[in-house]
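Visitor: Whatever this is, show me its structure:
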Amino acid sequence: MVRTQRVELSVEGVECAECARRVRHALASVPGVESAEVPLGAGKVLLRLDPARVDERTLRQVVERLGYTIREVPAASHPHREAFARRTSGLLLLVSGMVIGVVVVGEWFGLFATLNHLVPLPVGAALVLLGGMPVLGKVVRAALQRRVTSHTLMTIGAVAALIAGQWVAAGIVVVFMHVGDFIEQMTGRSARRAIRELMALAPQVARVERHGVEVEIPVTDVQVGDIVIVRPGEKIPVDGEVIAGRATVDQSTLTGESLPVEVAPGSHVFAATLAMGGSLRVRALRVGSDTTFGQVVALVEEAETHRGQVQRFADRFSAYYLPVVLGVAGLTFLLSGNLLAVAAVLVVACSCSFALATPIAMLASIGASARQGVLIKGGRYIEALARADVVLVDKTGTLTLGQPQLTDILPLEGVTASEALRLAASAERYSEHPLAAAVRAAARAQALPLFEPEEFQSVPGVGVRARINGHLVEVGNPHRLLEGTLPLVQQLEAQGKTLLLLKLDGQPAALLAATDTLRPDVPVAFAQLRALGIKHIELLTGDHERTAAALARRLGIGYRAHLLPAEKLAIVREYRARGHTVVMIGDGVNDAPALAHADVGIAMGGVGSEVALEAAHLVLMREDWTLIPRLFRRARRTMRVVALNLAFTALYNLVGLTVAAAGLLPPTLAAAAQSLPDLGILANSARLLRESRG
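Guide: Modelled structure (predicted):
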């Protein structure tokens, strides 16, 4: 069996969408590399590979052949450095705007023509080559590797201008090659701003108890089992269990929920959350990248590996666009013989904007969602959510609070109520199902000591089997454990109660009834979903018919009851086979197969849940149904932004090429114009960040 692992490499020089696409394709073609992604503006490559088939030396050679280098140690992020970068970006943007203004004014008043006559062409050409050395060197290396880039077009345009004797025009083209690189880098950094801010929330140091002494160490040196000391106002550096102390903890970094939670001995706390109003001693259970916060950051970083259809189309289009521009330039020369018009055609074409149009918007949406406690694993799921027309939902722990209370214990034969409860709680001792928790809670309330099961087996959708004191004890769905249906079962189910049947050595011994509470925000969320045009909402539950029917009638939705996990999966496949786009919402445990196979699987309450983080495509880090319709609205808004980005880019390039081919656009203005689409895309996509903060 092939075992892949995740590898992250820091790469220098990958500064544009076209560069990232080349590196991604080159690395993905290496035998043993399952996938390769180059997040825009991140300075890194994310790989999934088989370490038995490929090593870092091979990957380094592939990257270096493309003209880039792999750093030995990832560059550390520093708050002061980030602030300096932001200030520098603002200054450079201002300078870029001034340069564009100077170019427009200079062309308008004929200043460039005068300068072109005053300075001899050889001197001007030397100045162009000197100023363009960094970008021209990349173009030459690409040409030697038989590759065409967006800068290739501008370089050919600059050469055409030189041949026409217009060294000033060629120089301005080179200047705007630098300006374009800067704008694209700034665009990528801006789109990743929310992701960088999320990563910066992790604490860098931890205070641990070693040999009875408190020592401060890097958080990377904390080990599982260490006792971590957390003082008021400090961030918790690990996932762990509180063993001493009480405090309120702000979990907004994970859940987006502003209200703090109270923790005490026995409570679980999570890395990157803030302790307030008390000190804690925490036993580390998960550290580093294994913490919930670490997993969230890793999954957000990998979100770009799941590119949607629109993004793949844009990648393919940009690959074909450059040859088309070369064809238009050739046709322009054949028809007019005007070298300056040819130069303008080559210079005005902006292929990078096509590559930027989709990922910039997706990055902004994914990063902003993560800051609000919603984990989206990739652009393809935003696309699917935007066009979804069927919503399937689980009941227990999803529509309901998942904290049922035991209301009835009805002995059937051979046991008392207390004995039945003790046996049922002992059998359910290691079950994670909410009904099992209700049974155990009822036993604790009566101070009943539990037996230690000699054997234990959990059967999804059916219940549990355990051997206790030599007896086979079964607890679970009465419809799965009974040949027929008891009249008492029908009577209790008619009251909307969920039942458990206790069987002792194969014989029915008692019925246990429990009720759960509907989440208060569910009816409002369903009303908003219908207002968004989601007409088909259906409840899928393993619960009995009457309880499911009562809940479905209350919410005005369809339902299917008595379902095993495999049957929920079959329903998901059934809808998809009929051409629907299916969203499955569950708790990430019994619903894992259906979540994984739906077009979009949404898991509720992902804090600390590895199953939810693994199975679902979207994870709500807090159990809040108001987030669901907001997710649909955000997905649709994101796709509108993407559509506008692509339409703007296509129209801009079409008009620019037409005007340039007609000889109406001088190369100097064409150079200034080619950098504007990137700024338009950035400004349009930034709306997603602003709206998410509002």
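Visitor: Now do stretch 575-590: distance to the chain's middle.
Guide: 19 Å (CA atoms, centre = their mean, to the nearest Å).
Visitor: Show me what the strand or helix carrying residue 657 is packed up against.
Guide: According to DSSP states H and E, residue 657 maps onto helix 627-661. In terms of contacts (3 or more CB pairs under 8 Å, 6 or more residues apart in numbering; DSSP states H and E), helix 627-661 is packed against helix 309-336, helix 339-348, helix 352-371, helix 379-387, helix 522-531, strand 618-620, helix 667-673, helix 676-693. From N, CA and C alone the C-beta is placed, and that goes for glycine too.
Visitor: What count of nearby residues applies to residue 649?
Guide: Residue 649 has 25 neighbouring residues, counting by other CB atoms under 10 Å.
Visitor: I should have written residue 177 there, sorry.
Guide: Considering only other CB under 10 Å, residue 177 is surrounded by 27 other residues.
Visitor: Mind telling me what element it is part of?
Guide: Counting by DSSP H and E, residue 177 is part of helix 167-191.
Visitor: and the gap between residue 260 and residue 273?
Guide: 9 Å (CB to CB, to the nearest Å).
Visitor: any shared contact partners between the two?
Guide: Residues touching both residue 260 and residue 273 by CB atoms under 8 Å, 6 or more residues apart in numbering: 249, 250, 251.
Visitor: and of these, the nearest to residue 545?
Guide: Of all those, residue 251 has the smallest distance to residue 545: 38.3 Å, by CB to CB.
Visitor: if we can go back for a sec, kindly reformat the helices and strands packed on helix 627-661 as a markdown table containing mean neighbour count and mean pLDDT.
Guide: Putting the helices and strands packed on helix 627-661 into a markdown table (neighbours: other CB atoms under 10 Å; pLDDT from 0 to 100) gives the following:
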| stretch | mean neighbour count | mean pLDDT |
| --- | --- | --- |
| helix 309-336 | 16 | 76 |
| helix 339-348 | 29 | 83 |
| helix 352-371 | 28 | 77 |
| helix 379-387 | 23 | 90 |
| helix 522-531 | 16 | 94 |
| strand 618-620 | 27 | 86 |
| helix 667-673 | 27 | 76 |
| helix 676-693 | 19 | 72 |
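Visitor: can I get those in CSV with distance to residue 564?
Guide: Listed next are the helices and strands packed on helix 627-661 as CSV, based on distance: least, CB to CB, whole Å:
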stretch, distance to residue 564
helix 309-336, 33
helix 339-348, 61
helix 352-371, 32
helix 379-387, 26
helix 522-531, 24
strand 618-620, 24
helix 667-673, 61
helix 676-693, 39
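Visitor: so which of those comes closest to residue 241?
Guide: strand 618-620 (22.4 Å).
Visitor: Would you check how far apart residue 553 and residue 496 are?
Guide: 10 Å.
Visitor: Low-confidence stretches in the stretch 351-500 of the chain?
Guide: Across the stretch 351-500 of the chain, the ranges flagged by pLDDT under 70 are 351-352, 355, 483-485.
Visitor: Can you show me the strands along it?
Guide: For the stretch 351-500 of the chain, the strands defined by DSSP state E, counting those that start in this stretch cover 374-376, 390-393, 405-411, 455-459, 463-468, 471-476, 498-504.
Visitor: If you count contacts, what does the third one end up packed against?
Guide: Here strand 405-411 is seen to pack against helix 417-427, helix 434-445, strand 507-515 when contacts are counted using 3+ CB pairs under 8 Å, 6+ apart.
Visitor: what does the last one give?
Guide: Under the contact criterion of 3+ CB pairs under 8 Å, 6+ apart, strand 498-504 touches helix 417-427, helix 434-445, strand 471-476, helix 478-481, helix 487-493, strand 507-515.
Visitor: Repeat the analysis, applying 6 Å as the threshold.
Guide: With contacts defined as 3 or more CB pairs under 6 Å, 6 or more residues apart in numbering; DSSP states H and E, strand 498-504 has these neighbours: strand 471-476, helix 478-481, strand 507-515.
Visitor: Give the buried residues for the longest one.
Guide: By 16 or more other CB atoms under 10 Å, the buried positions in strand 507-515 come out as 508, 509, 510, 511, 512, 513, 514, 515.
Visitor: Tabulate the helices and strands packed on strand 498-504 in CSV, adding columns for distance to residue 393.
Guide: Shown next, in CSV, are the helices and strands packed on strand 498-504 (distance: least, CB to CB, whole Å):
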stretch, distance to residue 393
strand 471-476, 22
helix 478-481, 21
strand 507-515, 19
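Visitor: Out of these, which gets nearest to residue 450?
Guide: Of the helices and strands packed on strand 498-504, nearest to residue 450 by CB to CB is strand 471-476, at 11.8 Å.
Visitor: so what's in contact with residue 553 and residue 496 at the same time?
Guide: With contacts taken as CB atoms under 6 Å, 6 or more residues apart in numbering, residue 553 and residue 496 have no neighbour in common.
Visitor: quick one, which of those two is more surrounded?
Guide: Neighbours per residue, other CB under 10 Å: of residue 553 and residue 496, the larger number sits with residue 496, 16 against 10.
Visitor: Could you list which residues are in contact with that one?
Guide: 547, 550.
Visitor: can we see that at 7 Å?
Guide: Listed by CB atoms under 7 Å, 6 or more residues apart in numbering, the contact set of residue 496 reads 515, 546, 547, 550.
Visitor: separation between the first one and residue 550?
Guide: Residue 515 sits 11 Å away from residue 550, taking CB to CB as the criterion.
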